[in-house]
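1. Sharing a model that was predicted from the sequence below.
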Amino acid sequence: MTNKIIKWIDYRFPLSSLIKHELTGYPVPRNLSYWWNFGFLALFVLILQVATGLFLAMHYKPDAAIAFDSIQHIMREVNYGWLLRYMHSTGASAFFLVIYIHMARTLYYGSYRAPRELMWWTGQGLLLLLMATAFMGYLLPWGQMSFWGATVITNLFRATPFIGDEVVVWLRGDYAVGDDTLTRFFALHYLFPFLIIGAVVVHLVALHTVKSSNPSGIDLADKDNIPFHPYYTSKDFFGMGIFLIAYFIVVFFFPHSVLEPANNIPANPMITPDHIVPEWYFLPFYAILRSVPNAVGGVVAMGLSVIIFAFMPFLDRSRIPGGGRYRPVYRIMFFIFMLDILLLGYIGYVPATDQTITIGQVATLYYFLSFLLLPFISKAEDMWLFRRGLPSNILALIASEEEEKRIRR
Amino acid sequence: MNKFIASVMLYCTVFTVSASEVKLEKFQVDTSVLAVERGVDTFMEVCHGCHSLKYVFYRDLAALGISRDRIAEWRGDSTLEAAMTSLISDETAILSFGAVPPDLSMMVAARVGGNSYLYAYLTGYYLTSDGEISNHVFPLTKMPDALDISSASDSARRSELQGKAHDIVSFLSWAADPHKAERERMGYYVIGYLILLSVLLYNVKLEVWSRLKT
């Protein structure tokens, strides 16, 4: 009976071949470490956010007069409304954490290298969409930090040449952040996840064309690939279990750690909070913004600090695969870069003083130099390693990658 | 950039609700229903004249386990379905105190330091050398010393008032996060279940991967 139904469907829709091609027969390198779990986790958090967000939207009111009240209604009166809301607010932070780890893994192992440039760039687009969605979602509780965060960030668009003021009014729907801004941010906050889902599909189609990278940095021979299902489904589900434990510890026991106290005060255009601070996932970029003394320069630097990752496939000129695994200089650069981002995050968090601004400027300079000097450093490192003589296993990897490229051409 | 942010702020009349940077003592709040009940009692006597709790309903107190008779004493003519709003109008409040007393439903969640802040603030009133009443934690406060702790000189009276302040914090802590006890109780079950699930999933993973020949 089941066979008959499947046959009936297969005649009209490629169900069996789809499952075979994308799951049971989809080849994945067998040597992936747990760092490769985070792509799946990102998809899982996306689903969590869409699911909790849908139910929150059934009770939320995007109207400046009652938005704050409707959040309190969700938190107090709606059955398990507090759970939905804490899952959604914690989920936003979890999403960024997972994505940042996913990106760090890509950077460390050089997974952005050919032929996976489009994976990296669609991922970059997804990051921008995620940032926009999170930013607009943060306005919805209509607390003090929501209001002033949105005011400061939309104001940055004043840096647009010639039409800056018009752009700001266009974004806000009014001269100041207000009811119109709230309503349009709600509409867009509901729309953007669908754009993200679309971009995820593109990201996955690209992935299933070029296949997963792996810690060796090269594409493995057929015998070293195993089917995605059941091997990586079982591994991803275990990773999901660990993720859920960490996530629900925050949701049930520390949900306020991702919520700013000032956001429990209703938005008030007449009172500025002492210290306007963005969510943790924007802090390094915020620190870069504040490090540049000129307003337009700061906005450009902040934009560039996010976009610059896209240039990695061009900036890294080493022939050695595996990224930090086989390249000592790159490895050191990677870890110092991670520390630099943490330092910038701290600088973005504390109130600006002369001292923190100086530290922030040095860290910003280092941030950009690690990208701008990478072509020269990676080339020099490559030449040094080749001159010193590489171990035979790495030479074999390079030879196999050259072979692969020749075949594809 | 700072000039940029400053210009944003200058759009508006800037006056900040700011607490001074006093180190707060870590304060463990008693969250038992009894403490909350004493807190409601003190709150109704000392705070409710001016401060509302617009997100808290009298029925919420009943759901917490406080007897209906007690609630009836507090609510007066209001129904059980009514929010715990105060009777003072904004105009009267401005005439008397120069400010609208803030709604206290979310006060514990809305201040850095939460319970510790609120307790330190309520017990932070003192007499200056000029005989004026000031507050260690929030010197610019417009609220009078409601518990009259600044004039309590003997230690027995002082600790009694500190107890009352503690009860108020217990109540407001519950008011800001009424589902906390339920949330944490549920949390242990969920985490326990997930640990069990992860152990099982790990064994599934081992079992599946053991089929691979090395």
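-> Received it, and whenever you're ready, just let me know what you need.

2. tell me the contacts of B:M84?
-> B:H48, B:S52, B:L53, B:K54, B:V56, B:F57, B:Y58, B:R75, B:S78 (Cβ atoms under 8 Å, 6 or more residues apart in numbering or on different chains). The way it works is simple: take the backbone N, C-alpha and C, and place the C-beta from them, glycine included.

3. Weed out the non-buried ones from those residues.
-> B:H48, B:S52, B:L53, B:V56, B:F57, B:Y58, B:R75, B:S78 (16 or more other Cβ atoms under 10 Å in any protein chain shown).

4. Surely the fifth one and B:A83 touch.
-> Put plainly, it is B:F57. Yes: using Cβ atoms under 8 Å, B:F57 is in contact with B:A83, at 5.5 Å.

5. Now do A:M270 against chain B, distance only.
-> 6 Å (Cβ to the nearest Cβ, to the nearest Å).

6. Now do the same for the residue in chain A that chain B sits nearest to: helix, strand or coil?
-> Going by Cβ to the nearest Cβ, chain B is nearest to A:F252 of chain A, at 2.8 Å. On the three-state scheme (DSSP: H, G, I helix; E, B strand; the rest coil), A:F252 is labelled helix.

7. returning to that earlier point: would JSON lines of the contacts of B:M84 with secondary structure and distance to A:A262 be doable?
-> Supplementary listing: the contacts of B:M84 in JSON lines, determined by DSSP: H, G, I helix; E, B strand; the rest coil; distance: Cβ to Cβ, whole Å:
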{"residue": "B:H48", "secondary structure": "coil", "distance to A:A262": "25"}
{"residue": "B:S52", "secondary structure": "coil", "distance to A:A262": "20"}
{"residue": "B:L53", "secondary structure": "strand", "distance to A:A262": "20"}
{"residue": "B:K54", "secondary structure": "strand", "distance to A:A262": "19"}
{"residue": "B:V56", "secondary structure": "strand", "distance to A:A262": "21"}
{"residue": "B:F57", "secondary structure": "strand", "distance to A:A262": "26"}
{"residue": "B:Y58", "secondary structure": "helix", "distance to A:A262": "29"}
{"residue": "B:R75", "secondary structure": "helix", "distance to A:A262": "32"}
{"residue": "B:S78", "secondary structure": "coil", "distance to A:A262": "31"}
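
8. okay, these in TSV with distance to A:I288 and pLDDT next?
-> TSV is the format used below for those (distance: Cβ to Cβ, whole Å; pLDDT from 0 to 100):
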residue	distance to A:I288	pLDDT
B:H48	48	93
B:S52	43	94
B:L53	43	95
B:K54	41	94
B:V56	43	96
B:F57	47	96
B:Y58	51	96
B:R75	54	90
B:S78	53	91
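
9. Distance to chain A added to those, as CSV?
-> Listed next are the contacts of B:M84 as CSV, based on distance: Cβ to the nearest Cβ, whole Å:
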residue, distance to chain A
B:H48, 19
B:S52, 13
B:L53, 11
B:K54, 8
B:V56, 8
B:F57, 9
B:Y58, 14
B:R75, 18
B:S78, 18
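
10. I'd like to know how many residues surround the nearest residue to the residue of chain A closest to chain B once chain neighbours are set aside.
-> Counting by Cβ to Cβ, 6 or more residues apart in numbering or on different chains, A:F252 lies nearest to B:G187, which is 2.8 Å off, once chain neighbours are set aside. Applying other Cβ atoms under 10 Å in any protein chain shown, we find 16 other residues in the vicinity of B:G187.

11. wait, is B:G187 part of a helix?
-> Yes: per three-state DSSP, B:G187 lies within a helix segment.

12. wait, what's in contact with it?
-> Neighbour list for B:G187: A:F248, A:I249, A:V251, A:F252, A:F253 [criterion: Cβ under 8 Å, 6+ apart].

13. was I right about the last one contacting B:M186?
-> This points to A:F253. No: with contact defined as Cβ under 8 Å, A:F253 does not reach B:M186; the gap is 10.6 Å.

14. shared neighbours of those two, anything?
-> By Cβ under 8 Å, 6+ apart, no residue touches both A:F253 and B:M186.

15. Give me the pLDDT value at B:V22.
-> For B:V22, the pLDDT comes out at 60.

16. ditto for A:I265
-> Confidence score, pLDDT, at A:I265: 95.

17. That one: neighbour count?
-> By other Cβ under 10 Å, 23 other residues sit near A:I265.

18. What's the separation between it and A:N3?
-> Remark: distance between A:I265 and A:N3 (Cβ to Cβ, to the nearest Å) = 63 Å.

19. give the contact list for A:I6.
-> A:I6 is in contact with A:L15, A:S16, counting by Cβ under 8 Å, 6+ apart.

20. can you give me how far the helix or strand harbouring it is from the chain middle?
-> Secondary-structure element containing A:I6, defined by DSSP states H and E: helix A:2-12. Helix A:2-12 sits 39 Å away from the centroid of its parent chain (Cα atoms, centre = their mean, to the nearest Å).

21. What residues sit buried inside it?
-> Under 16+ other Cβ under 10 Å, helix A:2-12 has no buried positions.

22. Show the average pLDDT along the helix or strand just after that helix.
-> Once the chain leaves helix A:2-12, the next helix or strand it forms, by DSSP H and E, is helix A:15-19. Throughout helix A:15-19, pLDDT has a mean value of 95.

23. can you tell me how far whichever residue of chain B sits closest to chain A sits from A:L83?
-> Nearest residue of chain B to chain A: B:G187, at 2.8 Å (Cβ to the nearest Cβ). The gap separating B:G187 from A:L83 is 10 Å, by Cβ to Cβ.

24. what do the two both touch?
-> By Cβ under 8 Å, 6+ apart, B:G187 and A:L83 have these common neighbours: A:V251.

25. mind showing which ranges of chain B have poor pLDDT?
-> B:1-23, B:214 (pLDDT under 70).

26. what about the strands in it?
-> B:53-57, B:83-84, B:125-127, B:133-135 (DSSP state E).

27. Mind listing the strands the second one pairs with, and their directions?
-> In its sheet, strand B:83-84 lies beside strand B:53-57 (antiparallel), with partners assigned from DSSP bridges.

28. Now tell me what touches the strand it pairs with from outside.
-> Strand B:53-57 is contacted from outside by A:69, A:72, A:76, B:80-85, B:103-106, B:175, B:178, using Cβ under 8 Å, 6+ apart.

29. now do 7 Å
-> Outside strand B:53-57, the residues that touch it by Cβ atoms under 7 Å, 6 or more residues apart in numbering or on different chains are A:Q72, A:R76, B:E81, B:A82, B:A83, B:M84, B:T85, B:D103, B:L104, B:S105, B:A175.

30. same check, this time on stretch B:109-119
-> Residues outside stretch B:109-119 that contact it (Cβ under 7 Å, 6+ apart): A:256, A:261, A:264-265, B:24-27, B:29, B:107-108, B:165-166, B:169, B:172-173, B:176-177.

31. Need the buried ones from those selected in PyMOL.
-> Those of the contacts of stretch B:109-119 that count as buried under 16+ other Cβ under 10 Å are selected in PyMOL with:
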select buried, (chain A and resi 256+261+264+265) or (chain B and resi 24+27+29+107+108+165+166+169+172+173+176+177)
